[in-house]
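> Next input, structure requested:
(chains A and B)
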Amino acid sequence: MAETDTTSETGTPIQSSTGEEDIIQIVAMHKWYGEFHALKNINMNVKAQERIVVCGPSGSGKSTLIRCINRLEEHQQGQIVVNGIELSNDLKKIEEIRREVGMVFQHFNLFPHLTVLDNLTLGPIWVRNTPKKEAEEAAMKYLERVKIPEQANKFPGQLSGGQQQRVAIARSLCMNPKIMLFDEPTSALDPEMIAEVLDVMIGLAETGMTMIVVTHEMGFAKTVAHRVIFMDEGEIIEENEPHEFFDNPHHDRTKLFLSQILAH
Amino acid sequence: MSPSETTSVPGDGGYLPGTHPDLKPPSNVHGPVHWVKVNLFGSLTNTVLTLLVAYLLYTIIPQLADWMFFNAAFEGESRKACRAVAPDGACWAFIGNRLPLFIYGFYPEPERWRVDLSFLLLILALVPVLYDNMPHRGKALVYSCLYPLIAAFFLVGGIGLERVSTDQFGGLMLNVIIGVTGIAFSLPIGIVLALGRQSQLPIVRILCIGFIEFIRGVPLITLFFVAAVMLSYFVPPGTSFDLLVRILIMGTLFASGYMAEVIRGGLQAIPRGQYEAADAMGLTYWKSMRLIILPQAMKISIPGVVNTFIGLYKDTTLVIVIGRLDILGIGNSSLADTKWQGLSTEVYVFVAIFFFVSCFAMSRYSLWLEKKLHTGH
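As a prediction, this is how the structure comes out:
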């Protein structure tokens, strides 16, 4: 029942879409880990400048979904088109897509052997061939935007979790990405640091960045998202604009999830 | 008791909540007296051991010092002359007398400046390798990379210089040549092997695993024998393939196999998130290895890498089995000299000191490097 629902809901726009305004198109995509069917018939379109929050219980495949978009995970069936390039085993195309897609990880994944500034300039210098001086100027600009320019010459290990995650966001932005993926960016943070990271993300949303955010921060979803996608057991169960999604969830599993997550 | 009263416990200064200043730790938790108390006389066993060691040092050190320095003879033309001056001391005159042999082996005397020059150039070549914050390091590294060719030219000769056969190489210079070559080449080869062992390409992976396991499964002496005897079967007849070059190749390959495993350990310690962050940025495989993964993996591997270096350096003495006389071999054969017979202790102490100093220097450098590369994570 749920499956037919989703395909009719998300399937229709795909058929009608010409693909011109959609920066990401995912069509009938499946993924398996060995025998385990991790993603089942995912259909999803993202317009440029659209902000999407993906939520769902742990193990529902939401992280796997966004990791498929920049090929950190390989899908086995269906189609993913990002920025007009279809993902395949072609390394050149994968690298081309990754240049345009920034990613922020749950555990920051800053490079601990490099200073904050070097973390930020590494991509521009080695991937985009930006001259060092120019890259450093841009990096400082982004560090100011995430409000920690004074930490430029420190090493990641000397920063707090919230600061590290802001550096990670700045690092992705330095590549001038067209799309930003956030994989549970606040889940590994101490509670008092969540706000400073969310603030940076809200600021980023205001610039019109295309964002796909996997998160449990429902407040963020309500204020920032254009669309909320709920996943469970590898499927997209329900998607809607945030007010409808939170006030009037259709599916039982969505209701259960929301009751659990909003209970405390 | 109200909450405000709990803070005015005697001895705590009676600070109100929120007004407690940062205080210095009490004086009995640091300082030399405290250190001695805790580390030398912390418990009964500790005290007994401390006293025992102190007694042993008291009995050994003066005797050793007497033998090595105070009762030793530093000059003399034979063992007899030594013993006449210093009946209970070391006869260092023997080492001094034979020093050129210990250093240069049988390298022709008038050409020995070439060896000295090569040593000097080696030290210069090491500076940019060891100190990454020196000015103009990039250009200096080019020289370091060219150094093996420069040294080979000076040592072997050829154009404009008299040719010296590598059969005449010996002594300390032989240890340094084999050791430095092995160290310099085993590191890059080891890195390539370690990466190859993790490769997604099955053929590359199988070749690397096969090579590493073969090398590790065979003693170095065997490889030297293979170098001496068997390799000549594999080259076309008529072409001679210098024995020293064969030794260098075998020593390098041997160290590379071990190096690969040490570096693989380092690679495995790098969290997956580092690979993913590098990938997500669009870095190519080689760039992400060079910029992200290897710098971190190598840092973790420093103790193991230096351990392998030290092992290889000491193993250079094994060339004796194929008839090459390194510093130890020269020492051994010097003992046969009737003028100096019976001075084996001096020879072995001298050789031991030489190896200890070289290896200890490597070990200290690696500790310094580890500390320098520590970035607080």
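
> and residue B:377, what pLDDT?
pLDDT, residue B:377: 53.

> swap in residue B:3?
At residue B:3, the predicted lDDT confidence score is 49.

> ditto for residue B:137
In this prediction residue B:137 is given a pLDDT of 89.

> My read is that it contacts residue B:128, right?
Yes: with contacts counted by CB atoms under 8 Å, residue B:137 reaches residue B:128, the gap being 5.1 Å. Where you see a C-beta, it was placed from the backbone N, CA and C, and this is true even at glycine.

> okay, those two: which has more neighbours?
Neighbour comparison, residue B:137 and residue B:128: the larger count goes to residue B:128, with 20 against 14 (by other CB atoms under 10 Å in any protein chain shown).

> so what's the more buried one up against?
Residue B:128 makes contacts with B:134, B:137, B:140, B:141, B:143, B:144, as judged by CB atoms under 8 Å, 6 or more residues apart in numbering or on different chains.

> Would you mind measuring from it to chain A?
Residue B:128 is 20 Å from chain A, where distance means CB to the nearest CB, to the nearest Å.

> Over to residue B:16?
Residue B:16 is 25 Å from chain A, where distance means CB to the nearest CB.

> hang on, the earlier thing: so which of the contacts of residue B:128 is the most crowded?
Neighbour counts for the contacts of residue B:128 peak at residue B:144, which has 19 neighbours (criterion: other CB under 10 Å).

> Name the nearest residue to it, ignoring sequence neighbours.
For residue B:144, ignoring the flanking residues on the chain, the nearest one in space by CB to CB, 6 or more residues apart in numbering or on different chains is residue B:125 at 4.4 Å.

> Show me how far the helix or strand containing the one you found is from its chain's centre.
Using DSSP states H and E, residue B:125 sits within helix B:112-130. Per CA atoms, centre = their mean, to the nearest Å, the displacement of helix B:112-130 from the mean C-alpha position of its chain is 17 Å.

> Would you confirm that residue B:163 contacts residue B:154?
No: counting by CB under 8 Å, no contact exists between residue B:163 and residue B:154, whose distance comes to 11.8 Å.

> and residue A:102, what element?
In the assignment (DSSP H and E), residue A:102 maps to strand A:101-104.

> For that strand, what is the distance to the chain centroid?
Taking the mean of its C-alpha atoms, strand A:101-104 sits 7 Å from the chain's own mean (CA atoms, centre = their mean).

> Which residue does the stretch 51-200 of chain A have closest to chain B?
For the stretch 51-200 of chain A, the residue closest to chain B is residue A:157, as judged by CB to the nearest CB, at 3.2 Å.

> Show me where the stretch 151-300 of chain B has its strands.
Assigned by DSSP state E, counting those that start in this stretch, the stretch 151-300 of chain B shows no strands.

> Find the centremost residue of chain B, please.
Nearest to the centroid of the C-alpha atoms of chain B, with distances taken as CA atoms, centre = their mean, sits residue B:310, at 3.5 Å.

> ok, residues contacting stretch B:251-265?
If you take CB under 8 Å, 6+ apart as the criterion, stretch B:251-265 is touched by B:178, B:181-183, B:185-187, B:189-191, B:193-194, B:197-198, B:208, B:211-212, B:214-216, B:220, B:223, B:297-298, B:300-301, B:304-305, B:307-309, B:311-312, B:315-316.

> following the helix or strand bottoming out on mean pLDDT in chain B, which helix or strand comes up?
Lowest on mean pLDDT, DSSP states H and E among the helices and strands of chain B sits helix B:3-6, with a mean of 48. Following helix B:3-6 in sequence order, the next helix or strand is helix B:32-39 (DSSP H and E).

> Please report the distance of the residue nearest to residue B:224 when sequence neighbours are not counted from residue B:290.
Of all residues beyond its chain neighbours, the one nearest residue B:224 is residue B:322 (5.3 Å), with distances taken as CB to CB, 6+ apart. Applying CB to CB, to the nearest Å, the value for residue B:322 to residue B:290 is 38 Å.

> Look at those two and report which has more neighbours.
For residue B:322 versus residue B:290, neighbours defined as other CB under 10 Å are more numerous around residue B:322 (17 against 14).

> Do you know the pLDDT at that one?
Each residue has a pLDDT score; the one for residue B:322 is 88.

> Tell me the residues of chain A that contact chain B?
Within reach of chain B by CB under 8 Å from any CB of the partner chain, chain A has these residues: A:70-72, A:91, A:95-96, A:98-99, A:101-103, A:105, A:107, A:109-113, A:122-123, A:126-127, A:155-158, A:175.

> 6 Å instead, please
With CB under 6 Å from any CB of the partner chain as the criterion, chain A comes near chain B at residues A:70, A:72, A:95, A:98-99, A:103, A:107, A:109, A:111-113, A:123, A:126-127, A:155, A:157-158.

> Tell me the confidence at the nearest residue to residue A:126 once chain neighbours are set aside?
Counting by CB to CB, 6+ apart, residue A:126 lies nearest to residue B:287, which is 5.4 Å off, once chain neighbours are set aside. As summarised for this prediction, residue B:287 has a pLDDT of 95.

> got it, and the one 3 residues further on?
What the model reports for residue B:290 is a pLDDT of 95.

> roughly how far apart are it and residue B:314?
Between residue B:290 and residue B:314 the distance, using CB to CB, works out to 31 Å.

> mind checking which helix or strand of chain A has the lowest mean pLDDT?
One helix or strand of chain A scores below all others by mean pLDDT, DSSP H and E: helix A:2-16, with a mean of 39.

> what's downstream of that one, the next helix or strand?
Heading C-terminal from helix A:2-16, the first helix or strand you meet, by DSSP H and E, is strand A:22-33.

> what's the average pLDDT for the helix or strand just after that following strand?
Next helix or strand after strand A:22-33 toward the C-terminus (DSSP H and E): strand A:36-47. Taken as a whole, strand A:36-47 has a mean pLDDT of 95.

> Next: stretch A:218-230.
When the per-residue pLDDT values of stretch A:218-230 are averaged, the result is 94.

> For it, buried residues please.
For stretch A:218-230, burial by neighbour count (16 or more other CB atoms under 10 Å in any protein chain shown) applies to A:218, A:220, A:221, A:224, A:225, A:227, A:228, A:229, A:230.

> so how far is the host helix or strand of the third one from its chain's centroid?
In this structure, residue A:221 is located in helix A:218-224 according to DSSP H and E. Relative to the chain's own centre, helix A:218-224 is displaced by 15 Å; criterion: CA atoms, centre = their mean.

> For the stretch 251-377 of chain B, what lies in contact range of chain A?
Applying the criterion CB under 6 Å from any CB, the portion of the stretch 251-377 of chain B that neighbours chain A consists of B:273, B:276-277, B:280-283, B:287, B:292, B:295-296, B:375-377.

> For the stretch 251-377 of chain B, give me the ranges with low pLDDT.
Scanning the stretch 251-377 of chain B for pLDDT under 70 picks out the ranges B:376-377.

> So which residues of chain A form helices?
The residue ranges that make up the helices of chain A, judged by DSSP state H, are A:2-16, A:62-69, A:91-100, A:116-126, A:132-145, A:161-173, A:191-206, A:218-224, A:242-247, A:252-262.

> got the angle between the fifth one and helix A:161-173?
Note on geometry: by axes from the mean of the first three to the mean of the last three CA atoms, to 10 degrees, helix A:132-145 and helix A:161-173 are set 140 degrees apart in direction.

> what comes into contact with helix A:132-145?
A:117, A:120, A:121, A:124, A:125, A:149, A:152, A:170, A:173, A:174 (CB atoms under 6 Å, 6 or more residues apart in numbering or on different chains).

> among the residues you listed, who's most crowded?
Using other CB under 10 Å as the neighbour definition, the contacts of helix A:132-145 reach their maximum at residue A:120, which records 29 neighbours.
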